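Asks: 3D model of this:
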Amino acid sequence: MLKKLAFGAIGLALLASPVFVMATIDPIAELQSQIQEMQARLAQLIAAKNQQVSNTGACLSLNNALIIGSTDATTNGEVSKLQRFLISEGVYPEALVTGYYGNLTAQAVMRWQKAHGMDFVTLKSGVGPMTRAKMREGCSTKSTCGLSITTPVPNATVSFPLIIQGVVDNSNRQSLGCSWGMFEGQAGIAQLYYYNGGAWIALGNSAPMLVDDWIATKTNFSVTLNFTNEGIGLSNGTPMKVVFTEENPRAEFPSKTLELPVSLAQRSQVTVLSPTAGDNWRIGEARTIKLSAPVTATWPEGDVIGVNLVRENGTDAGIIYGLKTGPQAQFDWNTSSTLNCLGAGCGDHANIVTPGRYKIRIGMGARVLAESGIFTISY
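Replies: Okay, the predicted model is just below:
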């Protein structure tokens, strides 16, 4: 009887074993695990593809070691360059371009260094050879699927007109899984932006990316960008970027853009050469207002350049000239009168100039581009 019970217990155990094993392998959980693995792998592939399609990382080339206490005066302006770079990298929330390497800049540098594998750094480490080499990576070119910029290099200091050159190369589009479309002599458009008050603001009109041969799979392209106005008032080192947008994207590939970060070189300021302070102009004379550099307006898309007569106390005495195109550096004026307004409907609403002390103001919209010294108008 005991033997029968023992064998019966063993038999029950054997029968129960498969059920126990089956209970520990949940097919739904197993399938969910496989799905999660596939999703993780898909995310990796998408991230790699996005890095290939839109390589927009910034770079910076510095010649000097920078530490707390460094200034633009001792580093040829490189502290400000570093600060603008840190802003573009999103590690400098204060966004203060002061030209002085203080604690805030040091904290931003340390954030950038640790984000790039330099966990050993402190606030006092500064920007040494290792950090400068890391920041220079990628400065030689800027590229995305089928498009590369050869000149200028990213974060270059540029002047205008700005000529950008590069290559459209779709010869490997199948293996890369992407291409940059071209159509009838163009590879797309380029738009210039400048950074102001935490936002990127378009500057001027877009320009075509002109290619040498739009039928070929590999060809050179060039694009020329310029300011709408010589005296727009942007300061030396203003962060800027050029955004390239594909002309004719292929249906099987996503539409692409490429950003090229640059900064503005020092621009000569527009000054009034004539009249000069202390001059005496007589009412009714034919006179010429002269500027040190041409100014340009784009109207009706942009603002008109206004050449105004302003009293010594700052009140407006009327419009002398309204420039809708340009460039122009001289404006003829019969000193007997000014206008109240410009354009259709203004008619002959003229102001009679009376003797007094005045100055010439050159403006565009709300911006004052230049003013003369105080001069006299008399009979």
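Asks: for Gly188, give the beta-bridge partners.
Replies: Glu246 (DSSP bridges).
Asks: contact partners for it?
Replies: Trp180, Gly181, Pro208, Met209, Phe244, Thr245, Glu246, Glu247 (CB atoms under 8 Å, 6 or more residues apart in numbering). (Glycine included, C-beta is placed from N, CA and C.)
Asks: and these, which is closest to Leu60?
Replies: Closest approach to Leu60 among those (CB to CB): Phe244, at 20.9 Å.
Asks: now do the contacts for that closest one.
Replies: Contacts of Phe244 by CB under 8 Å, 6+ apart are Leu147, Ile149, Gly188, Ile189, Ala190, Met209, Val223, Thr257, Leu258, Glu259, Leu260.
Asks: so which helix or strand takes in the last one?
Replies: When you say that, I think you mean Leu260. Assigned by DSSP states H and E, Leu260 belongs to strand 257-264.
Asks: residues in contact with the helix or strand hosting Arg361?
Replies: Taking DSSP H and E as the criterion, Arg361 maps to strand 356-364. With CB under 8 Å, 6+ apart as the test, strand 356-364 has contacts from 229, 231-232, 270, 272, 275, 289, 291, 295, 297, 302-312, 317, 320, 368-377.
Asks: all helices for the stretch 151-300 of the chain, in order.
Replies: In the stretch 151-300 of the chain, the segments counted as helices under DSSP state H, counting those that start in this stretch are 173-176.
Asks: the strand holding Leu260 packs against which elements?
Replies: helix 78-88, strand 142-144, strand 147-151, strand 156-158, strand 239-246 (3 or more CB pairs under 8 Å, 6 or more residues apart in numbering; DSSP states H and E).
Asks: give me that answer again for 10 Å
Replies: The contact analysis (3 or more CB pairs under 10 Å, 6 or more residues apart in numbering; DSSP states H and E) places strand 257-264 against helix 78-88, strand 142-144, strand 147-151, strand 156-158, strand 162-169, strand 186-196, strand 239-246.
Asks: hang on, the earlier thing: from the contacts of Phe244, pick the one nearest Arg111.
Replies: Glu259 (21.7 Å).
Asks: separation between the closest one and Gln165?
Replies: 17 Å (CB to CB, to the nearest Å).
Asks: neighbour count winner among those two?
Replies: Glu259 (20 against 12; other CB atoms under 10 Å).
Asks: so what's that one bridging to?
Replies: Val243.
Asks: how close does it get to Thr245?
Replies: Distance from Glu259 to Thr245, by CB to CB: 10 Å.
Asks: for the stretch 1-150 of the chain, which segments count as helices?
Replies: Using DSSP H, counting those that start in this stretch, helices in the stretch 1-150 of the chain cover 2-24, 27-53, 72-75, 78-88, 103-115, 129-136.
Asks: pull the contacting residues for Pro249.
Replies: By CB atoms under 10 Å, 6 or more residues apart in numbering, the contact list for Pro249 reads Cys178, Ser179, Trp180, Gly181, Phe183, Gly188, Ser255, Lys256.
Asks: of those residues, buried ones?
Replies: Taking 16 or more other CB atoms under 10 Å as the criterion, what is buried in the contacts of Pro249 is Cys178, Ser179, Trp180, Gly181, Gly188, Lys256.
Asks: and these, which is closest to Phe331?
Replies: For these, the nearest to Phe331 is Gly188 (38.3 Å; CB to CB).
Asks: where in the stretch 251-379 of the chain is pLDDT low?
Replies: 266-269, 296-303, 324-326, 342-349, 365-366 (pLDDT under 70).
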